[in-house]
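> Let's see this in three dimensions:
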Amino acid sequence: MRAIMLMFDTLNRRMLSTYGCDWTHTPNFQRLAERTVVFDNCYAGSLPCMPARRELHTGRYNFLHRSWGPIEPYDDSIPEMLGRSGVHTHMITDHQHYWEDGGATYHNRYTSYEFVRGQEGDRWKGDVEDPVIPEHLGRFWRQDAVNRRYFIDAGKQPLDDVFSFGMQFLEKNKDQDNWFLHWECFDPHEPFFTVDSKYSEMYPDSYDGPQFDWPDYKEVTESPEAVEHCRRKYAALLTKCDECIGRFIDFMDANDMWKDTAVIVNTDHGFFLGEHDFWGKSAHPWYNETVHIPLFIWDPRSGKKGERREALVQNIDVAVTILKYFGLEPTKDMQGHDLKETIDHDEKVRDYALFGLHGAHVNITDGRYVYMRAPATEDNAPLYNYTDMPTHMRCLFSIEEMRKAELSSGFSFTKGVPLLRIPSVEDKTGDTAAKHRMETMLFDLSTDPGQKHPIHDEGTEQRMVEALKAEMKKNDAPEEQYIRLGL
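Numbers count the residues shown, from 1 in each chain. Below is the predicted model:
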């Protein structure tokens with residue numbers, strides 16, 4: 001058995017021709033759709049980047065118990081389980097969060113791995129002399145200015161190397177059996193930067209202002225022309241990703257690998273490009289622009305391709321599907337479902353999908369209604385991180401935080417391991433607490449797919465509240481989460 005999970009960070013569903021976009025150039029994603037089953041109702045779970053990846057390792061939600069962080073000692077890691085069973089697991093990535101404090105335990109769960117450096121301010125090149133920082137809107141970090149200089153000089157960017165390494169792995173191992181490739185591209189994540197101007201030239205616009213390819217996570221204050229320009233910068237990077245998909249498909253075709261190699265193409269979340277008057281992703285509410293995500297799966301056992309699926313699925317299902325594909329059983333703590341029968345004939349695997357970010361709304365959908373439950377307490381408390389790995393995104397927990405730590409008995413999924421219980425902090429060390437438009441809302445996607453008009457329907461809201469509590473209970477949510485949400 002062989003399987004490839006090709007992952008793109010921040011792959012916006014609504015920007016792909018497969019999902020109805022008529023102005024971006026994504027012909028190879030369309031080719032991919034012709035060779036796979038396309039899921040129309042896939043939702044993210046724990047957000048953003050590393051919480052989503054923890055789900056892909058563990059097959060269970062992360063966000064009710066802790067914020068951004070590494071694999072914990074008690075976690076069941078699917079790549080590690082595959083490796084122990086004799087499957088060679090290999091990861092190729094330029095996602096720099098894997099080598100920061102908050103992601104440092106993921107890559108060693110694989111048999112082997114390759115890193116590509118330099119994305120999004122990755123602390124890569126050691127230039128002491130300050131770089132020239134161009135006039136710009138939004139973000140522009142010193143380190144990113146240093147890194148970009150090396151990309152321009154080389155005439156390529158990290159995405160090029162990620163795909164070259166991936167193609168090398170496939171060429172080397174196309175005749176071997178029993179491997180899983182986690183092939184992960186940071187693009188089209190911001191900054192929306194491409195070395196080759198041909199991609200930007202495909203999306204001309206009338207903007208004539210400062211450099212703007214990296215929006216800050218905030219309300220839109222820029223001009224309509226600037227907003228459109230930034231969207232087109234995203235589209236240019238997306239088209240570069242699409243060309244990479246084309247190289248992959250060509251290789252699969254030329255080497256007849258579809259006959260015995262599973263393929264999953266997925267993402268962690270989307271990104272606001274001015275929708276709802278907002279930029280970014282670590283902001284709430286988590287509208288469908290950020291949580292309704294694309295998913296493509298080819299399973300050589302069924303041979304189904306060029307078809308669509310309506311079943312409500314999530315990335316925790318992808319994790320369990322990979323495990324089952326290789327003949328291994330999920331552990332009792334995994335919450336995802338095997339999608340084999342869904343791929344075959346759209347079998348339903350769940351009634352509800354839970355999603356959110358630690359300390360923000362807790363959200364639930366049944367595929368038609370989306371219910372966003374906001375904190376009922378003014379200070380968004382009580383709220384704790386439960387961990388034995390006290391790291392935030394880019395730093396360790398502070399001495400002040402650790403002084404407030406208490407020992408808890410753990411949860412049903414921690415295998416008898418006690419956990420540190422540490423009060424959560426607001427947006428200083430990688431957490432994102434309640435700071436954006438936090439109010440409870442209910443949307444009916446059948447009449448309001450853009451989620452512009454919250455509805456008031458007491459019966460539906462009560463049903464969603466009961467479903468939310470039930471899903472939280474399945475996840476063994478901490479008691480204080482119910483208190484925080486007024487449940």
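> Run through the bridge partners of the nearest residue to residue 468 once chain neighbours are set aside.
What sits nearest to residue 468 in space, not counting adjacent residues and going by C-beta to C-beta, 6 or more residues apart in numbering, is residue 364, at 4.7 Å. Where you see a C-beta, it was placed from the backbone N, CA and C, and this is true even at glycine. Listed beta-bridge partners, residue 364: residue 354, residue 371 (assigned using DSSP bridges).
> How many residues are close by residue 364?
Residues lying near residue 364 (other C-beta atoms under 10 Å) number 24.
> same thing with residue 209?
Counted with other C-beta under 10 Å, residues neighbouring residue 209 total 13.
> so it makes contact with residue 226?
Yes - applying C-beta atoms under 8 Å as the test, residue 209 and residue 226 come out as touching, 6.0 Å apart.
> joint contacts of these two?
When contacts are counted by C-beta atoms under 8 Å, 6 or more residues apart in numbering, residue 209 and residue 226 are jointly contacted by residue 137.
> Need the per-residue pLDDT for the closest residue to residue 155 other than its chain neighbours.
By the measure of C-beta to C-beta, 6+ apart, the closest residue to residue 155 outside its immediate chain neighbours is residue 195, 6.2 Å from it. The per-residue pLDDT reported for residue 195 equals 95.
> Same question for residue 226.
Reading off the confidence values, residue 226 has pLDDT 98.
> circling back to that earlier point, for residue 232, see how far away the residue nearest to residue 155 is.
Between residue 195 and residue 232 the computed distance is 17 Å (C-beta to C-beta, to the nearest Å).
> cool, residue 359 as well?
Following C-beta to C-beta, the distance that separates residue 359 from residue 232 is 33 Å.
> for residue 147, same thing?
Shown here: residue 147 relative to residue 232, a distance of 23 Å by C-beta to C-beta.
> same deal with residue 259?
Distance from residue 259 to residue 232, counting by C-beta to C-beta: 39 Å.
> Between those two, tell me which one has more neighbours.
Shown here are residue 259 and residue 232; by other C-beta under 10 Å, residue 232 has more neighbours (22 against 9).
> Beyond whichever strand or helix holds the more buried one, next helix or strand please.
In this assignment (DSSP states H and E), residue 232 forms part of helix 224-254. As assigned by DSSP H and E, the chain's next helix or strand after helix 224-254 is strand 261-266.
> what packs against that following strand?
Other helices and strands packing on strand 261-266, by 3 or more C-beta pairs under 8 Å, 6 or more residues apart in numbering; DSSP states H and E, are strand 2-8, helix 224-254, strand 296-298, helix 315-325.
> Please work out which residues outside the third one touch it.
Translated: strand 296-298. Taking C-beta under 8 Å, 6+ apart as the criterion, the residues outside strand 296-298 that touch it are 18, 32-33, 35-39, 258, 262-266, 305, 321, 339, 343.
> which stretches of the protein aren't confidently modelled?
Screening the chain residue by residue with the criterion pLDDT under 70, one finds the ranges 283, 426-437.
> Name the residue most distant from the centre of it?
Among residues of the chain, the one most distant from the C-alpha centroid is residue 129; the distance is 34.9 Å, by C-alpha atoms, centre = their mean.
> Spatially, what comes nearest to residue 391 if we skip its sequence neighbours?
residue 101 (4.1 Å).
> pretty sure that neighbour is in contact with residue 396, am I right?
Yes - distance between residue 101 and residue 396: 6.0 Å, which falls inside the contact criterion (C-beta under 8 Å).
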